[in-house]
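Undergrad: 3D, please:
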Amino acid sequence: MAYQQQMQSRYGHCDSYFVESHDDGIYAVRAEARERARAIARLQQRAMAEDLSKQTAEEYQEDIMDHMEHMESETLADVNSIDIQTEIQWFMRPYLLDFLVEAHAAFQLLPETLFLAVNLLDRYCSRRVVYKRHYQLVGCAALLIAAKYGDKKDRVPTVRELKSMCCSLYDDEMFTQMEWHVLQTLNWVIGHPTVDAFLQVALSEGQYDAEVEHMTLYIAEIALFHKEFVSTRPSVLARSALALARCVLSRVQAKPQDWAGAYDPQTVMSLSNHLYQPSQVLSRKYAHMHLSSVSATVDEFLQRQAQIARRAAAPPTPPTSAVLEETKAGADGNLTPHTPQKTHYGAVMQHGCLTPPITPENEQFGYGNMVKPQPIPPQMYPTTPTPDHPSNIHQHQAQYYMQHV
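TA: A predicted model of the protein is given here:
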């Protein structure tokens, strides 16, 4: 009671012992200053951690590269074992990879996740007989394992989402069983140095260029669709794709003494031969601005190369005297030579045969009896017309000149 009277005499009458204060603004400013100091401290700690990581990486860079090169040879798929599959064929591969590329983009997974998923798929097909109706299921299981292994946890697809993307062709238990079976078949060895991992090593040797990185990933993902690159080591593929990307973008190539400069010219030529008709799904993916629209850049590059090739293959210009005589003969009403017209095969023969093959109509991928496209008859692709030899042209011009003089 005495305490209550003392408080009332000091602060006045109040129904409660909690007294409002007018200094709340001061406490708010102090709390904001503390939060700002904590944020600055976190940034400083992160910068220190990055510096320590960089120093450690430089110290152990050689050991890391040796381990990566060892692991890439241990976890490489065998293309000859896939060849002996009884049901799945190579012409089915582009359809499955289109599905995986779309799923990978829909879940916004890391680039290395796609390369790891395709590696797991190929390694499983190298060791187990895969039925045609389960081919897509194996691809989904490989994508799920790869996402769990190295991607962000909040972006890992769920079984329900994969089931929805497969139009409910498989039950929930089938995804779980296939995931377990893939891991058992591969002896739980998931770690595989991907093309993206080696690409980051190559890009760290010079100044970072986002367009070069996106172009290299585009070329490397094109290689996933083709059989000849299944057994190619990721280190070789990364350096070769990087060299081709710098060539397309007119960038300076790496020095021969650098790790990125030791690319394989034969692999570069093979990659360049597959730039003409990429997957439409892949082309649309890399047409976005956040990926530097590199697919459009490749199309423009190929158009320039085609124009250069046409100019180089043009027949030589006839002599000036023969041109004058032909012009004179044309004025007299006689027939004059005309520019040869393109045949209706020009659109087909511009970049070679159509690949991948056209999807059979009224067929769902991975289900039902898929019909392998019949080979196109040879008469659909006539031989390239060979222009007359220059000596023959000059001989005809001489005969024409003698008849009209």
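Undergrad: how about low-confidence regions in the stretch 151-300 of the chain?
TA: Nowhere does the stretch 151-300 of the chain drop to pLDDT under 70.
Undergrad: Can you name the element that comes right after the longest helix seen in the chain?
TA: Secondary structure of the chain per DSSP state H: the longest helix is helix 24-59. Per DSSP states H and E, the first helix or strand lying C-terminal to helix 24-59 is helix 61-74.
Undergrad: who's in contact with that following helix?
TA: 57, 189, 191, 192, 193, 197, 198, 201, 233, 234, 235, 259 (Cβ atoms under 8 Å, 6 or more residues apart in numbering). In this view, the C-beta of every residue, glycine as well, is placed from N, C-alpha and C.
Undergrad: ok, which pair from those is furthest apart?
TA: Using Cβ to Cβ, the pair of the contacts of helix 61-74 lying farthest apart is 189 and 259, separated by 25.5 Å.
Undergrad: which of these two has more neighbours?
TA: Counted by other Cβ atoms under 10 Å, residue 189 and residue 259 do not tie: residue 259 has more neighbours, with 17 against 12.
Undergrad: Give the phi and psi angles for that one, as a check.
TA: Residue 259 adopts backbone torsions of phi -70, psi -40, taken as degrees, to the nearest 10.
Undergrad: is it true that residue 127 touches residue 185?
TA: Yes - using Cβ atoms under 8 Å, residue 127 is in contact with residue 185, at 5.4 Å.
Undergrad: got the contact list for residue 85?
TA: 125, 129, 130.
Undergrad: separation between the second one and residue 281?
TA: Which is residue 129. Distance, residue 129 to residue 281, by Cβ to Cβ, to the nearest Å: 28 Å.
Undergrad: out of these two, which sits in the busier spot?
TA: residue 281 (16 against 11).
Undergrad: Just the residues contacting the host helix or strand of residue 180, thanks.
TA: Using DSSP H and E, residue 180 maps to helix 172-185. For helix 172-185, contacts defined as Cβ under 8 Å, 6+ apart pick out 120, 124, 127-128, 134, 137-138, 140-142, 144-145, 159-160, 162-163, 190.
Undergrad: again, only using 6 Å
TA: Here helix 172-185 makes contact (Cβ atoms under 6 Å, 6 or more residues apart in numbering) with 124, 127, 128, 137, 141, 144, 159.
Undergrad: Let me know the distance separating the fifth one from residue 135.
TA: It refers to residue 141. Going from residue 141 to residue 135 by Cβ to Cβ gives 11 Å.
Undergrad: quick one: which of the two has more around it?
TA: residue 141 (27 against 23).
Undergrad: For that one, report the pLDDT, please.
TA: In this model, residue 141 is scored at 96, pLDDT.
Undergrad: In contact with it, which residues?
TA: Residue 141 makes contact with 178, 179, 182, according to Cβ under 6 Å, 6+ apart.
Undergrad: need these in a markdown table with distance to residue 220 and neighbour count, can you?
TA: Listed next are the contacts of residue 141 as a markdown table, based on distance: Cβ to Cβ, whole Å; neighbours: other Cβ atoms under 10 Å:
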| residue | distance to residue 220 | neighbour count |
| --- | --- | --- |
| 178 | 26 | 21 |
| 179 | 26 | 19 |
| 182 | 23 | 23 |
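Undergrad: Return the member of these nearest to residue 93.
TA: Among the contacts of residue 141, and counting by Cβ to Cβ, the member closest to residue 93 is residue 182, at 17.4 Å.
Undergrad: For residue 81, state which of the contacts of residue 141 is nearest.
TA: Using Cβ to Cβ, residue 182 comes nearest to residue 81 of the contacts of residue 141, at 15.6 Å.
Undergrad: The closest one and residue 74, how far apart?
TA: Residue 182 is 17 Å from residue 74, by Cβ to Cβ.
Undergrad: Repeat that for residue 144.
TA: In terms of Cβ to Cβ, residue 144 sits 23 Å off from residue 74.
Undergrad: And the two? Which one has more around it.
TA: It is residue 144, of residue 144 and residue 74, that has more neighbours when counted by other Cβ under 10 Å, with 24 against 11.
Undergrad: Which residue comes closest to the more buried one once chain neighbours are left out?
TA: Leaving aside its sequence neighbours, residue 144 sits nearest to residue 179 (Cβ to Cβ, 6 or more residues apart in numbering; 5.8 Å).
Undergrad: about what we covered before: now that we have the contacts of helix 172-185, which of them are buried?
TA: Among these, those classed as buried by 16 or more other Cβ atoms under 10 Å are 124, 137, 141, 144, 159.
Undergrad: Pipe the residues you listed into JSON lines and attach secondary structure and distance to residue 102 per row.
TA: Below are those laid out as JSON lines (DSSP: H, G, I helix; E, B strand; the rest coil; distance: Cβ to Cβ, whole Å):
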{"residue": "124", "secondary structure": "helix", "distance to residue 102": "21"}
{"residue": "137", "secondary structure": "helix", "distance to residue 102": "16"}
{"residue": "141", "secondary structure": "helix", "distance to residue 102": "17"}
{"residue": "144", "secondary structure": "helix", "distance to residue 102": "15"}
{"residue": "159", "secondary structure": "helix", "distance to residue 102": "18"}
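Undergrad: what about residue 208, which SS state?
TA: Three-state call for residue 208 (DSSP: H, G, I helix; E, B strand; the rest coil): coil.
Undergrad: Count the neighbours of it for me.
TA: 8.
Undergrad: what about residue 75, neighbour count?
TA: 19.
Undergrad: from memory it sits against residue 193, does it?
TA: No - applying Cβ atoms under 6 Å as the test, residue 75 and residue 193 come out as separate, 7.9 Å apart.
Undergrad: related to what we said a few turns ago, quick check: next helix or strand after the helix holding residue 180?
TA: helix 195-203.
Undergrad: Could you list the residues in contact with that next one?
TA: 111, 112, 115, 216, 220, 234, 235, 237, 238, 242, 260.
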